[in-house]
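In: With the input below, show me the fold.
(3 chains)
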Amino acid sequence: MQTIFTIQTHGQGLYEITAQVSAWLHEAGADQGLLTLFIRHTSASLLIQENADPEVQSDLLHYFQRLVPPSTDASMSYLTHTYEGPDDMPAHIKAAMMPVSLTIPVGNGQMMLGRWQGIYVFEHRNAPHSRQIAAHLAV
Amino acid sequence: MQTIFTIQTHGQGLYEITAQVSAWLHEAGADQGLLTLFIRHTSASLLIQENADPEVQSDLLHYFQRLVPPSTDASMSYLTHTYEGPDDMPAHIKAAMMPVSLTIPVGNGQMMLGRWQGIYVFEHRNAPHSRQIAAHLAV
Amino acid sequence: MQTIFTIQTHGQGLYEITAQVSAWLHEAGADQGLLTLFIRHTSASLLIQENADPEVQSDLLHYFQRLVPPSTDASMSYLTHTYEGPDDMPAHIKAAMMPVSLTIPVGNGQMMLGRWQGIYVFEHRNAPHSRQIAAHLAV
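Out: Numbers count the residues shown, from 1 in each chain, chains lettered A, B, ... in the order given. Got it, this is the predicted structure:
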């Protein structure tokens, strides 16, 4: 069983999609299986992270913004792919460091997530984007 | 076929689980299939790494400790999620950079690991933790 | 359905394998399914990245070379696993930060890749290597 989720983003940051994915899984009605999520982009990531304190999400954003500064930053002057904007090549680099696909076992009709785990799209671009996540449920 | 492995950790570092996973796979008795491992936590990772020289494991630990210093470090003063200890937010960041799930093809009744590949839990917290890894074998 | 792709590399950088994987998938003839790729090494990675501008690939290479310098670099003097060459331990570190496995949904007989996504082997070693990628197609 397959679907595509479309997520509208409006700037860098984490966008939670756990409820959407759970709802689709519930419709599918499978008791046991394997769920795969795959983001069809090279400047955004999928991430499983703590869903309790929103400060975790903003800290993650700020850490990666410092680790991979905009291409206008002096420390990034060696970058050559800069014509799509100062946030574009850093977005590709972050997309290399964080998951493009996630696989999550399903048991008792639910994803076997830990108590504090939520599923997020991590948008690495500044401009609004429409992001597609392909989902595949194998039973 | 599914199970949950529970691993006791006692501080930051890599804990090998290859033998445990192999033993379970052997019991399952499948000739061919796909094995998925999923760690149900946001401050520890799964990792496939060299299993020959233990210095690789300590070097990995030290590299990531330098790349993501404790939140008490001056360079990390922008972090806001600090009340769970100086090793907590760095643990979430490392968990974003390293796998939460691994998928490993199974052939001839064995994981198709390379000669030097072992499977590890990478614990990012200082205090002892009990870590759950959900395993799913699809045949 | 399983196979092993063998890729010859000649130094650090990205090597595209999208066409090879597509061709195998076409032979397999499955309409819908889940494709898993798994690299059987601890000093090279799998990566999905932009396939349009080759400068993205060289920028990725240069970013990670700076983030994880050779063990001969003063900033890396704490490394102990150095006898396999100055590029070896950095290769293991990069292999921890980038995917060892990728899972890609298949629909209408094709990988559900986004328009700009290509599949790459990211070689982290300087010397030529022969790299094996295990592929598993579940239908």
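In: Return the residues of chain A in contact with chain C.
Out: A:2, A:4, A:34, A:36, A:38-42, A:67-68, A:78-81, A:89, A:92-93, A:95-97, A:99-101, A:103, A:132, A:134-136, A:138 (CB under 8 Å from any CB of the partner chain). In this view, the C-beta of every residue, glycine as well, is placed from N, C-alpha and C.
In: Recalculate using a threshold of 7 Å.
Out: Applying CB under 7 Å from any CB of the partner chain, one finds that chain A approaches chain C through A:2, A:36, A:38, A:40-42, A:78-81, A:89, A:92-93, A:96-97, A:100-101, A:103, A:132, A:134, A:136, A:138.
In: so what's the closest residue to chain B within chain A closest to, chain neighbours aside?
Out: Nearest residue of chain A to chain B (CB to the nearest CB) works out as A:Gly114 at 3.3 Å. When the adjacent residues along the chain are set aside, A:Gly114 lies closest to B:Arg40, with 3.3 Å between them (CB to CB, 6 or more residues apart in numbering or on different chains).
In: which residues does that neighbour contact?
Out: When contacts are counted by CB atoms under 7 Å, 6 or more residues apart in numbering or on different chains, B:Arg40 is found next to A:112-114, A:117, B:132, B:134.
In: Repeat that for A:Val21.
Out: A:119, A:135.
In: Next one: it relative to A:Ile7, how far apart?
Out: Distance, A:Val21 to A:Ile7, by CB to CB, to the nearest Å: 11 Å.
In: circling back: and the residue of chain A closest to chain B, helix, strand or coil?
Out: coil (DSSP: H, G, I helix; E, B strand; the rest coil).
In: Closest approach to chain C from chain A, which residue is it?
Out: Closest point on chain A to chain C, by CB to the nearest CB, is A:Arg40, at 3.3 Å.
In: How confident is the prediction for that residue, by pLDDT?
Out: Reported pLDDT at A:Arg40 in the predicted model: 98.
In: likewise A:Thr6?
Out: A:Thr6 is given a pLDDT of 98.
In: thinking again about what came up before, would you list the buried entries among the residues of chain A next to chain C?
Out: Neighbour-count burial (16 or more other CB atoms under 10 Å in any protein chain shown) is assigned, among those, to A:2, A:36, A:38, A:40-42, A:79, A:81, A:89, A:92-93, A:96-97, A:100-101, A:103, A:132, A:134, A:136, A:138.
In: what's in contact with stretch A:54-64?
Out: For stretch A:54-64, contacts defined as CB under 7 Å, 6+ apart pick out A:12-14, A:49-50, A:94, B:78-81, B:89, B:92-93, B:96.
In: swap the cut-off to 6 Å and go again
Out: Outside stretch A:54-64, the residues within contact range by CB atoms under 6 Å, 6 or more residues apart in numbering or on different chains are A:13-14, A:50, A:94, B:78-81, B:89, B:92-93, B:96.
In: and what of stretch A:80-99?
Out: The contact list for stretch A:80-99 (CB under 6 Å, 6+ apart) reads A:42-43, A:45-47, A:64, A:68, A:70-72, A:79, A:124-126, B:96-97, C:47, C:53, C:55-56, C:59-60, C:63, C:97-98.
In: sorry, back to before: keep only those of the buried ones among the residues of chain A next to chain C that are in strands.
Out: A:2, A:36, A:38, A:101, A:103, A:132, A:134, A:136, A:138 (DSSP state E).
In: On the C-terminal side of the helix or strand containing A:Thr6, identify the next helix or strand.
Out: Per DSSP states H and E, A:Thr6 falls inside strand A:2-10. Moving toward the C-terminus from strand A:2-10, the next helix or strand (DSSP H and E) is strand A:13-16.
In: about what we covered before: could you dump the ones in strands among the buried ones among the residues of chain A next to chain C into TSV and include distance to A:Glu27?
Out: Formatted as TSV, these follow (distance: CB to CB, whole Å):
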residue	distance to A:Glu27
A:Gln2	13
A:Thr36	17
A:Phe38	19
A:Ser101	22
A:Thr103	20
A:Gln132	19
A:Ala134	17
A:His136	15
A:Ala138	16
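In: and the two most separated of these?
Out: Using CB to CB, the pair of these lying farthest apart is A:Gln132 and A:Ala138, separated by 19.8 Å.
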